[in-house]
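Asker: 3D model of this:
(one chain, ligands or ions: 2)
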Amino acid sequence: MTARIIDGKARAAALRARVGEQHAAFERAAGRKAGLAVVLVGEDPASAVYVRSKGKATEAAGMASSTHRLAAKTSEGDLLTLVRQLNGDPAVDGILVQLPLPGHINENAVIAAIDPNKDVDGFHPVNAGRLASGLQGFVPCTPLGCLMLLKEELGDLSGLDAVVIGRSNIVGKPMAALLLAESCTVTIAHSRTRDLAAKAAAADIVVAAVGRPEMIKGDWLKPGATVIDVGINRVPDGEGTRLVGDVDFDGALSVAGAITPVPGGVGPMTIAVLLRNTLLAAHRNAGVAYEKGSL
Ligand SMILES: NC(=O)C1=CN([C@@H]2O[C@H](COP(=O)(O)OP(=O)(O)OC[C@H]3O[C@@H](n4cnc5c(N)ncnc54)[C@H](OP(=O)(O)O)[C@@H]3O)[C@@H](O)[C@H]2O)C=CC1
Ligand SMILES: Nc1nc(=O)c2c([nH]1)NC[C@@H]1CN(c3ccc(C(=O)N[C@@H](CCC(=O)O)C(=O)O)cc3)C=[N+]21
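Answerer: Ligands and ions are numbered 1, 2, ... in the order given. The predicted structure follows:
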């Protein structure tokens, strides 16, 4: 058997197109565009690439995008001042502070300063709490993108056994909360987990968010499992480098039922969901009704 390859790039393009259409309707109703502000501190080249693609995708959907580039030595106080200014700016519906931040800045303090109603990343403790409690709020883009891919692939997820490998606040934990809300039986694995291979082998759904190149081997998987590879790892390749996921893709192909590639899987979905969350924020902030479930 050869796994189906889940085309995240195509799914993301379709989602961006729906967001673009609905944004046009929003703009007619509200008399303004939805606005996303992205803040980048420092010159990490990978972060700079992501921030550029976020800006481009925002504008392609017809929304207003602003990017605030701050020097690596910017103080926490100055960053907090910018966040508060964006909180108060009526043209800004969504605020994203690109992570990681330089070591001298307390990430938790910066995330906590973002207005939860503009927190399109869904990282604010209020939104994390809403997700854990089953209340409406912003859901982190990467796990929501993963869930969309899973539901398109499998339909109803209820009763399926899911293993999430990784327990970060931005991917693993919210992913587990979403799968639990879909009535999966969820195991969260991490660096202290014993016999990870056996945990993976019991799962109908494996979501890998570890940050270790090709760590999850094909022969760990249950035949027919659906594998979502969140990992983005740059590894040496000849003279240059290439991107690989957390899953040994070639090894998984002959065992899994379906798998996301890296690149072209979860990454593009993350950006499409960011636009979706920004459009949602704009509807709420402008008091324009929005048809639930239409995105
Ligand atoms: N495609 C996309 O849009 C995105 C991709 N990513 C990528 O996803 C990956 C994970 O990101 P993120 O969640 O931020 O990473 P973190 O480094 O914050 O978390 C990694 C998690 O993996 C666990 N882990 C580490 N080593 C092992 C191991 N040997 N066995 C089992 N678990 C292990 C850690 O466990 P412990 O808690 O015990 O330390 C931790 O919970 C990265 O490659 C990142 O680049 C991230 C965000 C978006
Ligand atoms: N506040 C914040 N929010 C984030 O959502 C956030 C962040 N900080 N910091 C970094 C991570 C990482 N992340 C990615 C987004 C898109 C791709 C993506 O589009 N990847 C392409 C490949 C891109 C390439 O070629 O480098 C793909 O997988 O096909 C990857 C990773 C968002 N993150």
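
Asker: correct me, but residue 245 touches residue 229?
Answerer: Yes: under the criterion of Cβ atoms under 8 Å, residue 245 makes contact with residue 229 at 3.6 Å. C-beta here means a position set from N, CA and C on the backbone, and glycine is covered the same way.

Asker: mutual contacts of the two, please.
Answerer: When contacts are counted by Cβ atoms under 8 Å, 6 or more residues apart in numbering, the set common to residue 245 and residue 229 consists of 208, 260-262, 265.

Asker: what's the most distant pair in the residues you listed?
Answerer: 208 and 261 (12.7 Å; Cβ to Cβ).

Asker: which stretches in the protein count as helices?
Answerer: Secondary structure of the chain, counting by DSSP state H: helices at 8-30, 45-60, 76-87, 107-113, 125-133, 141-154, 172-181, 196-201, 249-253, 266-286.

Asker: out of these, which one sits most buried?
Answerer: Using mean count of other Cβ atoms under 10 Å, the stretch among the helices of the chain with the largest mean neighbour count is helix 266-286, at a mean of 24.

Asker: is ligand 2 contacted by that one?
Answerer: Yes: residues of helix 266-286 are located near ligand 2 by Cβ under 6 Å from any ligand atom, namely 267-268, 270-271.

Asker: what do you get for stretch 97-116?
Answerer: Yes: with Cβ under 6 Å from any ligand atom as the measure, stretch 97-116 is seen reaching ligand 2 through 97-99.

Asker: let's have those residues in a markdown table, adding neighbour count and pLDDT.
Answerer: Rendered in a markdown table, the data for the residues of stretch 97-116 next to ligand 2 read as follows (neighbours: other Cβ atoms under 10 Å; pLDDT from 0 to 100):
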| residue | neighbour count | pLDDT |
| --- | --- | --- |
| 97 | 25 | 98 |
| 98 | 20 | 97 |
| 99 | 14 | 96 |
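
Asker: just give the closest residue to the residue of the stretch 51-200 of the chain found nearest ligand 2, not the sequence neighbours.
Answerer: Checking the stretch 51-200 of the chain residue by residue against ligand 2 with Cβ to the nearest ligand atom singles out residue 99 as nearest, at 3.9 Å. Once its chain neighbours are removed from consideration, residue 99 has its nearest residue in residue 107; the separation is 6.4 Å (Cβ to Cβ, 6 or more residues apart in numbering).

Asker: isn't the one you found right up against residue 101?
Answerer: Yes: between residue 107 and residue 101 there is a contact under Cβ under 8 Å: 5.2 Å.

Asker: interface residues of this protein facing ligand 1?
Answerer: Within the chain, the positions near ligand 1 by Cβ under 6 Å from any ligand atom are 142, 165-168, 170-172, 189-193, 196, 209-212, 230-233, 266-267, 270.

Asker: select only the buried ones of the residues you listed in PyMOL?
Answerer: Restricted to the buried members of the residues of the chain next to ligand 1, where burial is judged by 16 or more other Cβ atoms under 10 Å, the PyMOL selection command reads as follows:
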select buried, resi 142+165+166+167+168+170+171+172+189+196+209+210+230+231+232+233+266+267+270
